[in-house]
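>>> Predicted model, plus sequence, below.
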Amino acid sequence: MIKSQVFISNIKITKKKLQSIVLLLLFVIFSLLTTAQTTYAQNASDSLRTKLHSPRKASLYSMVLPGMGQVYNRQYWKVPVLYAGIATLAYFFKFNTDKYHTYRDEYVARINKDSSSYNTSYLLYSDNTILQLKNYYQRNLEFTYIVAGLVYIFNIIDASVYAHLFTFDVGNDLTLRIDPLINNNSIRFGSPPTAGFQLTLRF
């Protein structure tokens, strides 16, 4: 009688174990399906986002109109900075151009001995001084051209680089994941395995 009772008790424990294992397997399958669906949806969203945002378009926009590529990349704060630099270059371009033309005309008048074309503001300047000033502002004007070209090229490169990084996730990656967990305590404590959940916080 005692043996049969023990046998019946063992059968009941086995059924509980089977129920726990079945529930655990169902939970694992559900978790895997949910994770796969989420990953697929995220990859599809990232692929669509990458396809819609083109670095080539950003570069072409900046070639046509400086700053337009930055607007396309939604970096609106760069546009005022860019045009402040362009305005500064425009000021130095006009200043150096006016000075260069003034000293060039004065030097040409002195070479031709055309006293009627002399600038009265430079009567105390020697011919050599006028020549040096002309060359000085000519170099400044050429340097302004070079800087303007570099700013234009940098504007295109900046738009292209940030268009490539547009889909790059630079935010804080803070995720909480729930995974099934089985603790096998039969070896250490002689008790049956227990099922539970494991929380994983990644940051």
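Looks like it came in fine. Numbers count the residues shown, from 1 in each chain.
>>> which intervals of this protein have sub-threshold pLDDT?
Within the chain, the set of residues satisfying pLDDT under 70 comprises 1-51, 168-203.
>>> Strands of that one, start to end?
Counting by DSSP state E, the chain has strands at residues 175-183, 194-202.
>>> looking at it, G67 is touching F154, isn't it?
No. Counting by CB atoms under 8 Å, G67 sits too far from F154 to count as a contact (11.9 Å). To be clear about C-beta, it is placed using only N, CA and C from the backbone, and glycine gets the same treatment.
>>> Those two: who's more crowded?
G67 (20 against 14; other CB atoms under 10 Å).
>>> Could you pull up the residues touching the residue lying closest to the more buried one once chain neighbours are set aside?
Nearest non-adjacent residue to G67, counting by CB to CB, 6 or more residues apart in numbering: V79, 4.4 Å away. V79 makes contact with 67, 70-71 under the criterion CB atoms under 8 Å, 6 or more residues apart in numbering.
>>> can you do 10 Å?
If you count contacts by CB atoms under 10 Å, 6 or more residues apart in numbering, V79 has them with 66-71.
>>> go on, N96?
Here N96 is in contact with 136-145 (criterion: CB under 10 Å, 6+ apart).
>>> One more: R110?
Contact analysis of R110 by CB under 10 Å, 6+ apart lists 117-119, 122, 125-127, 130-131.
>>> 7 Å instead, please
Contact analysis of R110 by CB atoms under 7 Å, 6 or more residues apart in numbering lists 127, 130.
>>> okay, now the domains of the protein?
Annotated domains of the chain cover 2-52+171-202, 55-164 [automatic domain parsing].
>>> Next one: N119 relative to T102, how far apart?
7 Å (CB to CB, to the nearest Å).
>>> So which of these two has more stuff around it?
T102 (17 against 14).
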